[in-house]
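Colleague: Sequence and predicted model, in that order:
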Amino acid sequence: MPIHSTTSKVMGHPLNAWYVAAWDHEVTRTPIARTIADRPLALYRTEDGRPVALADACWHRLAPLSMGKTVGKEDIQCPYHGIRYNAAGRCTSMPAQETINPSATVPSFPIVERYRYAWVWLGDPLLADPDTIPDMHQMSDDDWAGDGELIHAPCNYQLVLDNLMDLTHEEFVHSSSIGQDELSESEFITTHTDTTVTVTRWMLNIEAPPFWLKNMRDRFPGFEGRVDRWQIIHFEAPSTICIDVGVAKAGTGAPEGDRSQGVNGYVMNTISPETPRSCHYFWSFQRNYRLESQLITTQLRNGVHGVFGEDEAMLKAQQAAIDANPDYEFYSLNIDAGGMWVRKLIERRLEAEGRLSPSPLVEV
Amino acid sequence: MATAHTAFWQSATVVENTALTSAIRRIVVAPSRPVPADPGSHVDVLVTIGAEAVVRSYSIVDSASDGSSLAISVFASETSRGGATAMHALTAGDRIELTQPLQDFPLRIGAPSYLLLAGGIGITAIAGMARTLAARAVPYRLVYCGRRRDQMAYLDQLTTEHGARLDVHIGDEGTSVDVPELVSTVQPGTELYMCGPIRLMDAVRRAWTERELPASDLRFETFGNSGWHQPEPFRVRIPALGIETSVSASSTLLEALEDVGVDALNDCRRGECGLCEARVLGLHGVIDHRDVFYSERQRDAGSRICVCVSRVRGDGRSIPTITLELS
């Protein structure tokens, strides 16, 4: 079926990749269920704090292990017949017999905590190198403060990537907070490497929209006047997008690198496919000023929560329209350059895994 | 690396069939619906013995990365139940029916070190694991045991592939493996994967338990076709069903019961699940337990038997006979 190209609405997800399975605080001694990349997982912590990701189905009769409990140093016990598995997914106890069936295992998956997230690898475990986790250091470095949330988005993960790679939608979807006419009117530059795509947009000498005016006044009380605004979107394959955003007093040299008269945030987004029609959208808003203020941290988190709620409603409606028009392909525009490079990079990864076709939505 | 327990049957074309030793042949097939095979996986093959089609399991020794060709190796012992003879007779171009790779013996990536132990034809289940570990910078040791050098398949190739990581033990050359010593070298955290005759595996399990190493780090696979003793014919009686029949040296107790129409519950047919368990009401002879379902204590009690693999041997006093009650 040679129907696949970068214009395909959705293509499926690479498996040889680190995907965020959970916020660090979500993984505890009480197991939780979460599906990542079509694989239901049971997530929990060992007694000494290590995160564990096991397939969420007992070897015996497939009862979800996430409904069970942790026992001993590192085991999880099936809630149905009490069969126990260790952190490697090996059966350690079969209560109703004196031996352990030699084939009794559940798949275990590499899982690593970094940047406040627990990252899981569902592909070939021989390739699971933690050094390839996308750079999200603003999440955990001392120079930055912030917080975020998890959105369970009812759409294919690529629709979220599209959304973040083209921010002209802000003018229309987020008109009351961060949207303004200049977003669509200003030019942008797109660059890429084998694993990254960057879209840069500067808007010079403009009025600050409400969200940014508030931020400027947090740092520069009573601020009035025009600003230079930037959005530098960094994509790292397959599904992490960190957006360098901010405004500075107009004409104070921000485009040349002096941001001292401005406020800088990083919108840290990483999207984990759940099913072909849903994804886990992890985000956080980090800032590098007024680090001491928990009030600002909470206000920013709540503000972005509202903004992203607007995106979620649009993405849900878009997915429904895609489902209602199965034979209709996307058209693309110049503004889609960033998103189309993202699709090309994902397509190459799928090709390398021999999993380019068929598209998951075509099969349904 | 998940366990894959569902059999998807397909046809395959025999590509080559070559002798590795006087009793072991390497058979390469091209499946019609190829999928990649993980280390430790096997295929079930439909083998025709006379007029009857039976299923035999063979480990995948090596395969093309896309699964478009798979190599198995088949050992025909003197007590072969006929499947091996039929497999040895295949020639290039023949069509056979087999499953896509099944996985009940997955190699877990992530242990600090590995000990791989193969006895005889058991090397077929282990060779792929060794190759996978060799491709990665993890410590592993491959121990390969056999009775005679000229009967040990793939020995030269393994020597080339694994060099100093390969230990070879050969009975005829006076270098038989010392199992307690081998197990005493195991560092905690090491995972041991083994496949071989039941005597070898029992000895390892005993030494493992004595050292109080975690049972979950001892991984093994058995296709239920070896025992402590040579198979011999015996008689079986099931009074509740009014049945008495004989079990030949080349068929299992379960097969003999099925041949006379007994509807005996069973599942794995390799001595793992315990579903085929029967109560022993009477015994002339000694039970040769070939399962891995019973603990040593349960075996010694001798009150139950897994009829899919276990047998009876004579004690020299009378015709070996077992009297059973089925569930």
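Modeller: Received it, and whenever you're ready, just let me know what you need.

Colleague: of all the residues in chain A, which ones are close to chain B?
Modeller: Residues of chain A lying near chain B by Cβ under 8 Å from any Cβ of the partner chain: A:55, A:59, A:86, A:88-92, A:97-103, A:105-108, A:110, A:125-126, A:128, A:354. C-beta: built from backbone N, CA, C; applies to glycine.

Colleague: Where in chain B is the helix or strand with the lowest mean pLDDT?
Modeller: Within chain B, confidence by mean pLDDT, DSSP states H and E is lowest for strand B:52-59 among all helices and strands, at a mean of 88.

Colleague: got it, and chain A?
Modeller: helix A:360-363 (a mean of 42).

Colleague: quick one, phi psi at the closest residue in space to A:L65 that isn't next to it in sequence?
Modeller: Using Cβ to Cβ, 6 or more residues apart in numbering or on different chains and skipping the chain neighbours, the partner closest in space to A:L65 is A:A42 (4.2 Å). Dihedral angles of A:A42 (phi, psi; degrees, to the nearest 10) stand at phi -100, psi 120.

Colleague: isn't A:A42 right up against A:P31?
Modeller: Yes. If you go by Cβ atoms under 8 Å, A:A42 and A:P31 touch, sitting 5.0 Å apart.

Colleague: Going by neighbour count, list what's buried in the least confident helix or strand of chain B.
Modeller: Of all the residues in strand B:52-59, those buried under the rule 16 or more other Cβ atoms under 10 Å in any protein chain shown are B:54, B:56-59.

Colleague: Pull up the pairing partners for that strand, direction included.
Modeller: strand B:42-49 (antiparallel) (DSSP bridges).

Colleague: ok, residues contacting the partner strand?
Modeller: Strand B:42-49 has contacts (Cβ atoms under 8 Å, 6 or more residues apart in numbering or on different chains) with B:7, B:9, B:53-60, B:70, B:72, B:81-83, B:85-87, B:96-105, B:125, B:221.

Colleague: same thing with stretch B:60-69?
Modeller: By Cβ under 8 Å, 6+ apart, stretch B:60-69 touches A:354, B:15, B:26, B:28-31, B:34-37, B:41-43, B:70-73, B:101, B:124, B:127-128, B:131, B:154.

Colleague: Helices - which of the residues you listed land there?
Modeller: B:124, B:127-128, B:131 (DSSP state H).

Colleague: who's in contact with A:R290?
Modeller: A:145, A:218-219, A:296.

Colleague: tell me which of those residues is nearest to chain B?
Modeller: Using Cβ to the nearest Cβ, A:A145 comes nearest to chain B of the contacts of A:R290, at 34.7 Å.

Colleague: Now do the same contact list for the residue nearest to the closest one when sequence neighbours are not counted.
Modeller: Leaving aside its sequence neighbours, A:A145 sits nearest to A:L291 (Cβ to Cβ, 6+ apart; 4.3 Å). Listed by Cβ under 8 Å, 6+ apart, the contact partners of A:L291 are A:143-145.

Colleague: ok, back up a step: reformat the ones in helices among the contacts of stretch B:60-69 as TSV; add distance to chain A.
Modeller: Formatted as TSV, the ones in helices among the contacts of stretch B:60-69 follow (distance: Cβ to the nearest Cβ, whole Å):
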residue	distance to chain A
B:T124	17
B:A127	17
B:G128	13
B:R131	12
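
Colleague: number of nearby residues for residue 33?
Modeller: As the question left the chain open, I've gone with chain A. Residues contacting A:A33 under the criterion other Cβ atoms under 10 Å in any protein chain shown number 13.

Colleague: look at chain B instead
Modeller: B:R33, neighbours per other Cβ under 10 Å, totals 11.

Colleague: Can you read off the pLDDT for the residue of chain B most remote from its centre?
Modeller: Here chain B reaches farthest from its C-alpha mean at B:G242, the gap being 33.4 Å by Cα atoms, centre = their mean. Listed pLDDT for B:G242 reads 95.

Colleague: what's the answer for the one 4 residues further on, then?
Modeller: Per-residue pLDDT puts B:S246 at 97.

Colleague: Now do the contacts for it.
Modeller: Here B:S246 is in contact with B:233-236, B:256 (Cβ under 8 Å, 6+ apart).

Colleague: Buried ones among the contacts of strand B:42-49?
Modeller: B:54, B:56-60, B:70, B:72, B:81-83, B:86-87, B:96-105, B:125, B:221.

Colleague: just the CA coordinates of stretch B:294-302, formatted as CSV?
Modeller: Output of stretch B:294-302 as CSV, limited to C-alpha atoms (Å, rounded to 0.1, in the frame of the first residue of the first chain):
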residue,chain,number,x,y,z
TYR,B,294,6.9,-31.4,40.9
SER,B,295,9.3,-30.4,43.6
GLU,B,296,11.9,-32.9,44.8
ARG,B,297,9.7,-33.7,47.8
GLN,B,298,6.7,-34.4,45.6
ARG,B,299,8.7,-36.6,43.3
ASP,B,300,10.1,-38.6,46.2
ALA,B,301,6.5,-39.1,47.5
GLY,B,302,5.7,-40.9,44.2
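
Colleague: That one vs chain A: in contact?
Modeller: Yes. Stretch B:294-302 lies within reach of chain A by Cβ under 8 Å from any Cβ, at B:294-295, B:297-298.

Colleague: So the chain: which segments form each domain?
Modeller: Unless you meant another one, I'm taking chain A. A:18-122, A:132-363 (automatic domain parsing).

Colleague: ah, no, chain B please
Modeller: Using automatic domain parsing, the domain ranges for chain B come out as B:9-99, B:114-220, B:234-325.

Colleague: What is the distance between the last one and the centre of its chain?
Modeller: So that's domain B:234-325. 19 Å (Cα atoms, centre = their mean, to the nearest Å).

Colleague: coming back round to it: write the PyMOL selection for whichever of the residues of stretch B:294-302 next to chain A are buried.
Modeller: A single PyMOL command is used to select the members of the residues of stretch B:294-302 next to chain A judged buried by 16+ other Cβ under 10 Å:
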select buried, chain B and resi 294+298
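
Colleague: will you turn the residues of stretch B:294-302 next to chain A into a markdown table that also has pLDDT and secondary structure?
Modeller: Formatted as a markdown table, the residues of stretch B:294-302 next to chain A follow (pLDDT from 0 to 100; DSSP: H, G, I helix; E, B strand; the rest coil):
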| residue | pLDDT | secondary structure |
| --- | --- | --- |
| B:Y294 | 93 | coil |
| B:S295 | 90 | coil |
| B:R297 | 92 | helix |
| B:Q298 | 94 | helix |
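
Colleague: re the thing from before, give me the common contacts of A:A42 and A:P31.
Modeller: With Cβ under 8 Å, 6+ apart as the test, A:A42 and A:P31 both reach A:65-66, A:68, A:76.

Colleague: Would you check which pair of the residues you listed lies furthest apart?
Modeller: A:S66 and A:I76 (8.5 Å; Cβ to Cβ).
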